[in-house]
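Asks: test case, fold it:
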Amino acid sequence: MRNRSSHGGRHELGQNFLTHRPTIHGIVDLVAATRGPILEIGAGDGALTVPLARLGRDLAAIDIDERRVRTLRRRLPSARIERADALRHPLDRPVLVGNVPYHLTTPILRRLLTRSQWRDAILLTQWEVARKRAGVGGGTMMTAQAAPWFEFGLRGRVPARHFTPMPSVDGGILTITRRGAPLVDPRDRRTYDRFVGAMFTGRGNGLAAILQQSSGLSRSRARGILRELGIDDHRLPRDLRPEQWAGLWRAVAGTGGA
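Replies: This is a model prediction of the structure:
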């Protein structure tokens, strides 16, 4: 077939195209509330690209499917449409938006959260990923590690029937905004990441025990830090807010325990 991508069919590329017009408009409205040039990840057939182009801003869009890239270039000559891999292409524009292929969500998020050039991201991901990253029902280690530098928001659930082909799970609209003032010194990011990782994988009956085991503090000092920060010992790492993580880190680092 002449129209077939060299990567195979759409399933091989993990493409589930958004077809629900109100959801498309909602995502574009979120982008419209941001400022600066836009990079769309996974343009597909242009469901988002076309209305994004109507915003009148500098727009670049990437997709790994060369056939769809050619079609979009003809349709939107004013936009920069490139064949590129989101796991390699520079994420160097202030605003990122995209219907992220579900099988690439985690590696794309990990890459995105280590890049410094962008400011706002509006991403359509699996519902569970969006919910967990936004801390609904408890945070994850990835979210806790990124929380001092980024704010996460959940902006809606997108039923699977609003995609073609229909995936097995619903989608969720996840927003990520870089904090103007980080809660932790960026120079401490690696050691902070290790601290959070140790807390999430540590064992113990209660947060004080986990803090003691992961940081090398005495049990009494661990309990004292929690009291000073107003954190209940019965909580778990997944229950902590970004400000509490930052406070724990500063307290532990100040004692030389991190």
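
Asks: enumerate every residue touching the spatially most central residue of the chain.
Replies: By C-alpha atoms, centre = their mean, the chain has its centre lying nearest to L109, at 4.7 Å. Shown in contact with L109 (C-beta atoms under 8 Å, 6 or more residues apart in numbering): 123, 125, 129, 133, 142. C-betas here are computed from N, CA, C, even on glycine.

Asks: helix or strand for it, just tell me which one.
Replies: Assessed by DSSP states H and E, L109 sits inside helix 105-112.

Asks: could you pull up the mean pLDDT of the helix or strand following that helix?
Replies: Downstream of helix 105-112, the next assigned helix or strand under DSSP H and E is strand 120-126. Across strand 120-126, pLDDT averages out at 98.

Asks: give me the neighbour count for I41.
Replies: I41: 23 surrounding residues under other C-beta atoms under 10 Å.

Asks: beta partners of it?
Replies: Beta bridges link I41 to I62, G98, judged by DSSP bridges.

Asks: OK, contacts around it?
Replies: By C-beta under 8 Å, 6+ apart, the contact list for I41 reads 62, 86, 96-98, 100, 108, 123.

Asks: so which of those is the most crowded?
Replies: Neighbour-wise, the contacts of I41 (other C-beta under 10 Å) top out at V97, 28 neighbours.

Asks: if we ignore the residues flanking it in sequence, what's nearest that one?
Replies: Once flanking residues are discounted, V97 sits nearest to I122: 4.7 Å by C-beta to C-beta, 6 or more residues apart in numbering.

Asks: was I right to think the one you found contacts I27?
Replies: Yes. I122 lies in contact with I27 (C-beta atoms under 8 Å); the separation is 5.9 Å.

Asks: what residues do those two have in common as contacts?
Replies: Residues touching both I122 and I27 (C-beta under 8 Å, 6+ apart) are 97, 173.

Asks: tell me where the stretch 151-258 of the chain has helices.
Replies: Under the criterion DSSP state H, counting those that start in this stretch, helices of the stretch 151-258 of the chain are mapped to 189-201, 207-215, 219-229, 242-254.

Asks: how close does the residue nearest to V97 sit to R227?
Replies: Per C-beta to C-beta, to the nearest Å, I122 is found 39 Å from R227.

Asks: which one of the two has more residues nearby?
Replies: The residue with more neighbours, out of I122 and R227, is I122; 26 against 12, by other C-beta under 10 Å.

Asks: and that one, how far is that from R73?
Replies: To R73, I122 is 23 Å away according to C-beta to C-beta.

Asks: show me the contacts for D120.
Replies: Neighbouring residues of D120 by C-beta under 8 Å, 6+ apart: 34, 94-96, 175-178.

Asks: closest to R67 among those?
Replies: The nearest member of the contacts of D120 to R67, counting by C-beta to C-beta, is L96 at 23.6 Å.

Asks: which SS state does that closest one fall under?
Replies: For L96, the assignment made with DSSP: H, G, I helix; E, B strand; the rest coil gives strand.
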